[in-house]
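**Student:** Following is a predicted model, sequence given first.
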Amino acid sequence: MRALLLAALLVASGNAAAQQLLEWAPAEVAAIALHGPWPPPPVHDPSNRVSGNPAAITLGRHLFEESRLSPSGQVSCADCHQAGKQWSDGRARGFGLAELDRRTPSLWNAGYQHWFAWDGAADSLWMQGLRAVLDPREMGGNAAGVGKLVRERPDLACAWRGSFGAPPGIDDERLLVDAAKAIAAFVETLVSPRTPFDDFRDALVAGDRLAAARYPVAAQRGLRLFVGRGNCAACHFGPRFSNGEFGDTGISFFVGSAVDPGRHGGIAALQASRFNLLGLYNDDPTGASATRTRHVERQHRNYGEFKVPALRQAGRAGPYMHNGSLPTLEEVVKHYAEVSPDRLHSDGVPLVRALKLTDDESADLVSFLRTLSADAPPLPSPAPLCP
Amino acid sequence: MRPLAGAVALLASLSALSLPAWADDCPLDLGHGTGLVVFSGQHILAFRPDPFRIEVGQPFALILNACTRRGAPAELVAIDASMPEHKHGMNYAPVIVSRGDGRFRVEGMLFHMPGTWEVVFDVRSDGTTERLTHEFVVK
């Protein structure tokens, strides 16, 4: 640990334990500032005409919990994305109608992303929801079934009018897309709570040393590693702690005897889909929302790359990595401390390299990562569909 | 974002390049008075990002004017960017759109990590292609 533990500020207020504030260099403060403020402004997705629409958010919440979007009647979005499990399921690999190849991503802050699923095969939140409905291993649904459901259920049809300004039409595929857009409008509202890190970050930026010193010193040391020697912030960038792109972190991409191509396959699937943002269902008349999709390029190095996960609430949402192969945060830090350079092919300074952390440093990094989580207020009961 | 010293001059200091008086056939003015300039033995390239501040993970465009040292329009034939330290490029393929008379707009640039990015421009005139470079540091 750096010798900058200079003038430690002792705080003894009431029965609170005494805390220290490390001495932070201006460059470190600037780097930490980039991870906030939190929360960000509400999501507005121009590709989704009902983004932010209260009626659509209510409709989307009901559809999110509606198992009849699956012909089996057994699986809803909420079965794999559980509020009590950080909007994931706690499993190593997701399970809808069958077991999947990857872990179920948390939905916290999903609306702020640009690529969805571990391979980025969707370029909008609504496209990703639609893929889950249609995937035979997830919900196994189809456009005809969704269209029939929203046309024939009076409460859904009523809420549809309130959301989209017209009753459900006869175009099943458009109804499927619009159902996914309503679900996306709901998911966009899932913004993770402020955390101890946010209080520290804001106090540090404001120069409030007293408030900053309330942040555990082990977490401060871990944060220093995160933005410094560990170079974690190169990929876990910004307020969500993800740059939203993809990387190979040395985790196996074998699924049994097969290979998960990761981003390489994700781009191929994206470009082959009529539901991407270059298709006719994008509601953004400017086309600006499709810029990434228009220019994304499939490259050989994308093979085995998976999306950089955001870290907020991650401390409560294991297991970890795209395949759920690491059960705890401690195991994740151990992986990065020991990752083999032979597994990671890089001609330059590798972005992922063995950090060679001491046991104390590993514990500090875990302490920091745990401060990116907090208790979320309970989700209120859904409003009635058609009051 | 800040330009690295040494490779760049603001348009306001173009007089230092000793352009001939008749160089008006390829004006380097980008229209908003602010930009960056790189030059080689035969070519001068004025450009600015749009939006001007490049944010990590956010798409941006480049507005460019490519000229010969003698003031004639030149052609921007290729553009790419990479992180020299890590030896990886962008995840996106930019597209060059010519607007005539040496004016170009490049769409689809995106720097997905903080750090130093080197942009390379291949500029051609009279059968000669030269490579010009500029480094951006994004934070």
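**Tutor:** Yes, it's here.
**Student:** CA atoms for contacts and neighbours, from now on please.
**Tutor:** OK.
**Student:** Might you list the low-confidence residue ranges for chain B?
**Tutor:** Chain B contains residues with pLDDT under 70 at B:1-25, B:27, B:31-33.
**Student:** Apart from its neighbours in sequence, what residue is nearest the most centrally placed residue in it?
**Tutor:** In chain B, the residue lying closest to the centroid (Cα atoms, centre = their mean) is B:F47, at 4.3 Å. Spatial nearest neighbour of B:F47, excluding adjacent residues (Cα to Cα, 6 or more residues apart in numbering or on different chains): B:L64 at 4.2 Å.
**Student:** picking up where we left off before, in the helix or strand the residue nearest to the centre of chain B falls within, what counts as buried?
**Tutor:** Using DSSP states H and E, the element containing B:F47 is strand B:43-50. Buried residues in strand B:43-50, counted by 16 or more other Cα atoms under 10 Å in any protein chain shown: B:43-49.
**Student:** next SSE after that strand?
**Tutor:** Strand B:43-50 is succeeded, C-terminally, by strand B:60-68 (DSSP H and E).
**Student:** Those residues of the stretch 151-300 of chain A touching chain B, which are they?
**Tutor:** A:234-235, A:237, A:243-245, A:291-292, A:294-299 (Cα under 8 Å from any Cα of the partner chain).
**Student:** Out of those, which is nearest to A:R274?
**Tutor:** Nearest to A:R274 among those is A:R294, at 13.3 Å by Cα to Cα.
**Student:** OK, contacts around the closest one?
**Tutor:** A:278, B:108 (Cα atoms under 8 Å, 6 or more residues apart in numbering or on different chains).
**Student:** go with 10 Å
**Tutor:** A:R294 sits next to A:271, A:276-278, A:287-288, B:92-95, B:107-108 when contact means Cα atoms under 10 Å, 6 or more residues apart in numbering or on different chains.
**Student:** Among those, name the buried ones.
**Tutor:** A:271, A:276-278, B:92-95, B:107-108.
**Student:** Let me have the residues you listed in TSV, extended by secondary structure and distance to A:V205.
**Tutor:** As requested, the buried ones among the contacts of A:R294 are arranged in TSV below (DSSP: H, G, I helix; E, B strand; the rest coil; distance: Cα to Cα, whole Å):
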residue	secondary structure	distance to A:V205
A:Q271	helix	42
A:N276	coil	40
A:L277	coil	38
A:L278	coil	41
B:Y92	strand	34
B:A93	coil	37
B:P94	coil	36
B:V95	strand	39
B:E107	strand	35
B:G108	strand	33
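**Student:** Mind putting those residues into CSV with distance to A:P378?
**Tutor:** CSV is the format used below for these (distance: Cα to Cα, whole Å):
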residue, distance to A:P378
A:Q271, 38
A:N276, 33
A:L277, 33
A:L278, 37
B:Y92, 40
B:A93, 44
B:P94, 45
B:V95, 47
B:E107, 44
B:G108, 41
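**Student:** May I have the phi/psi pair for B:T133?
**Tutor:** phi -130, psi 160 (degrees, to the nearest 10).
**Student:** so the closest residue to it other than its chain neighbours, which of the three states?
**Tutor:** Closest residue to B:T133 apart from its sequence neighbours, by Cα to Cα, 6+ apart: B:V120 at 4.5 Å. When classified by DSSP: H, G, I helix; E, B strand; the rest coil, B:V120 comes out as strand.
**Student:** Contacts only, for B:V120.
**Tutor:** Contacts of B:V120 (Cα under 10 Å, 6+ apart): B:78-82, B:131-135.
**Student:** Filter the residues you listed down to the buried ones.
**Tutor:** Counted by 16+ other Cα under 10 Å, the contacts of B:V120 give B:79-82, B:132-135 as buried.
**Student:** Could you list every helix and strand in contact with the strand holding B:F47?
**Tutor:** Secondary structure elements in contact with strand B:43-50, counted by 3 or more Cα pairs under 10 Å, 6 or more residues apart in numbering or on different chains; DSSP states H and E, are strand B:9-10, strand B:36-39, strand B:60-68, strand B:103-109, strand B:115-125, strand B:128-138.
**Student:** So what's the gap between that strand and the chain middle?
**Tutor:** 3 Å (Cα atoms, centre = their mean, to the nearest Å).
**Student:** Could the C-alpha coordinates of it be exported in PDB?
**Tutor:** Extracted in PDB, the C-alpha atoms of strand B:43-50 (Å, rounded to 0.1, in the frame of the first residue of the first chain):
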ATOM      1  CA  HIS B  43      -0.700  17.500 -47.000                       C
ATOM      2  CA  ILE B  44      -2.500  19.500 -44.400                       C
ATOM      3  CA  LEU B  45      -5.500  18.200 -42.500                       C
ATOM      4  CA  ALA B  46      -7.800  20.300 -40.400                       C
ATOM      5  CA  PHE B  47     -10.300  18.600 -38.300                       C
ATOM      6  CA  ARG B  48     -12.500  18.700 -35.200                       C
ATOM      7  CA  PRO B  49     -14.600  16.100 -33.400                       C
ATOM      8  CA  ASP B  50     -18.400  16.600 -33.300                       C
END
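**Student:** Show me what it pairs with in its sheet, parallel or antiparallel.
**Tutor:** The sheet places strand B:43-50 alongside strand B:36-39 (antiparallel), strand B:60-68 (antiparallel), with pairing taken from DSSP bridges.
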